[in-house]
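Undergrad: Structure of the sequence below:
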Amino acid sequence: MSDTDPQGGSPTGRSVLVTGGNRGIGRAIAEAFLAQGDRVAVTTRSGGAPDGALDVRCDVTDPAAVDAAFAEVEAAHGPVEVLVANAGITQDTLLLRMSEDDWSSVIDTNLTGSYRLAKRAAKGMLRLRRGRIILISSVVGLLGSAGQANYAASKAGLVGMARSLARELGSRSITTNVVAPGFVETDMTGVLTDEQRDTIKAQVPLGRYAVPAEVASAVTWLASDDAGYVTGAVIPVDGGLGMGH
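TA: Sure, this is the predicted structure:
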């Protein structure tokens with residue numbers, strides 16, 4: 001899946017786009033692709049891409065912004081060959097307290113945003129007759145979580161979307177897969193109290209949180225030639241928390 005430099009004939013890496021790549025899991029994913037020698041673009045809302053990555057400002061809830069971001073990436077790196085849809089938000093609250101905006105903002109960012117990204121990426125991939133689409137879901141999308149009906153619904157929706165796209169795009173050598181992380185050491189989990197952290201760890205068979213690089217390893221594998229016959233899969237990186245789902 002590598003391009004070739006017409007001057008010297010050496011691989012120049014693939015054009016990779018990672019959304020929400022300025023921190024946490026997204027940053028680790030971007031850094032892993034950079035370490036492989038790929039040409040990586042990262043979308044953020046406020047900047048802060050890893051060194052070596054193209055920093056593209058994009059709000060995935062804005063269709064025009066998504067199209068403009070792809071145009072910028074394509075001009076710099078060529079058509080996107082690997083899309084990692086990672087950008088996501090939470091608005092946690094119990095159902096009876098959940099406002100219409102709490103619901104719609106999470107669905108629009110996490111699920112509809114991923115639809116916009118996949119649709120735009122697929123245009124270039126269909127012309128190339130190859131590609132990798134990887135959607136970042138969550139163990140919560142499979143298990144559910146009290147106070148996260150909106151987030152769980154958005155993350156579960158990614159699975160149905162990915163499997164539908166796997167059927168639509170497979171004949172053009174485009175794979176679509178899902179990575180479902182469990183609890184990961186990031187800024188989002190760093191705000192939990194020690195008691196909350198201990199309660200969560202007690203539910204995880206491996207007895208610990210993941211580090212972002214462990215999620216990134218699953219993503220880079222799905223994007224590799226070694227995973228060329230894997231599509232429509234949900235790969236859990238959750239320490240065993242979601243077994244059987």
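
Undergrad: Could you pull up the contacting residues of Val140?
TA: By CB atoms under 8 Å, 6 or more residues apart in numbering, Val140 lies in contact with Gln148, Tyr151, Ala152, Lys155. To be clear about C-beta, it is placed using only N, CA and C from the backbone, and glycine gets the same treatment.

Undergrad: Counting neighbours, what do you get for the first one?
TA: This means Gln148. The number of residues packed around Gln148, counting by other CB atoms under 10 Å, is 21.

Undergrad: Contact partners for it?
TA: Gln148 is in contact with Thr90, Asp92, Val140, counting by CB under 8 Å, 6+ apart.

Undergrad: pLDDT value on the second one, please?
TA: In other words, Asp92. Model confidence at Asp92, given as pLDDT, is 94.

Undergrad: Which neighbouring residues are in contact with it, exactly?
TA: By CB under 8 Å, 6+ apart, the residues touching Asp92 are Gly147, Gln148, Tyr151.

Undergrad: Give the next helix or strand downstream of the helix-or-strand element of the chain with minimal mean pLDDT.
TA: Ranking every helix and strand in the chain by mean pLDDT, DSSP states H and E puts helix 187-190 at the bottom, with a mean of 68. The helix or strand immediately downstream of helix 187-190 is helix 194-203, counting by DSSP states H and E.

Undergrad: Return the set of buried residues in whatever helix or strand comes next after that next one.
TA: Going down the chain from helix 194-203, the next helix or strand is helix 212-222, by DSSP H and E. By neighbour count with 16 or more other CB atoms under 10 Å, helix 212-222 contains the buried residues Pro212, Glu214, Val215, Ala216, Ala218, Val219, Thr220, Trp221, Leu222.

Undergrad: now the strands: where do they sit in this structure?
TA: Using DSSP state E, the strands of the chain run over 15-19, 39-44, 54-57, 82-85, 131-136, 174-181, 234-237.

Undergrad: which one of those strands lies closest to Ala118?
TA: Set against Ala118 and scored by CB to CB, the strands of the chain come closest in strand 131-136, at 5.5 Å.

Undergrad: how about the CA coordinates for the closest one, as PDB?
TA: What follows is strand 131-136 as a C-alpha-only set of coordinates in PDB (Å, rounded to 0.1, in the frame of the first residue of the first chain):
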ATOM      1  CA  GLY A 131      -7.700   1.700   1.400                       C
ATOM      2  CA  ARG A 132      -8.100   1.200   5.100                       C
ATOM      3  CA  ILE A 133     -10.900   2.800   7.100                       C
ATOM      4  CA  ILE A 134     -10.500   2.300  10.900                       C
ATOM      5  CA  LEU A 135     -13.200   3.600  13.300                       C
ATOM      6  CA  ILE A 136     -12.400   4.100  17.000                       C
END
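
Undergrad: Would you mind pulling the contact partners of it?
TA: Applying CB under 8 Å, 6+ apart, the contact partners of strand 131-136 are 1, 25-26, 80-86, 88, 114, 118, 121-122, 124-125, 158, 161-162, 165, 169, 172-179, 181, 215, 219, 222-223.

Undergrad: Of all the residues in it, which ones are buried?
TA: Quick answer for strand 131-136 (16+ other CB under 10 Å): Gly131, Arg132, Ile133, Ile134, Leu135, Ile136.

Undergrad: out of the strands of the chain, which comes closest to Ala76?
TA: Counting by CB to CB, Ala76 lies closest to strand 54-57 out of these; the figure is 5.5 Å.

Undergrad: Now stretch 87-107: buried residues?
TA: Buried residues in stretch 87-107, counted by 16+ other CB under 10 Å: Ala87, Gly88, Ile89, Thr90, Gln91, Met98, Asp102, Trp103, Ser105, Val106, Ile107.
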